[in-house]
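> sequence unknown, structure follows:
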């Protein structure tokens, strides 16, 4: 290897060293974005939040209706 390749390799190794400040900032930004997305899903005034809420309600109603039709109750015999 010539000296130019060695210099590039040394620079890459220096760039790969952990940077705690960068890691902390990245973690903070990722947490903030995750919280923002979670809040948006719970917010029923946004399109996405409203769609999610209606989907959950629809699933509950459908499951309730399916359980009622899946186990029909037999009429009680008259005495």
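Sure, I can see it. Note that the structure is a prediction, hence the values are computed from the model and not measured. Residues are numbered from 1 along each chain as shown.

> C-alpha only now, for contacts and for neighbours.
OK.

> For this protein, which residues score under the pLDDT cut-off?
Low-confidence segments of the chain (pLDDT under 70): 1-14, 71-77, 79.

> which residues of it fall in helices?
For the chain, the helices defined by DSSP state H occupy 3-15, 20-42, 47-70.

> buried sites along the longest one?
What it means is helix 47-70. Counting neighbours by 16 or more other CA atoms under 10 Å, one finds that the buried residues in helix 47-70 are 49, 50, 52, 53.

> how about the residue lying closest to residue 48 once chain neighbours are set aside, what does it touch?
Counting by CA to CA, 6 or more residues apart in numbering, residue 48 lies nearest to residue 41, which is 6.1 Å off, once chain neighbours are set aside. For residue 41, the contact set (CA atoms under 8 Å, 6 or more residues apart in numbering) comprises 48, 49, 50, 52.

> The helices of the chain into CSV, with extra columns for distance to residue 78?
CSV is the format used below for the helices of the chain (distance: least, CA to CA, whole Å):
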stretch, distance to residue 78
helix 3-15, 85
helix 20-42, 51
helix 47-70, 23
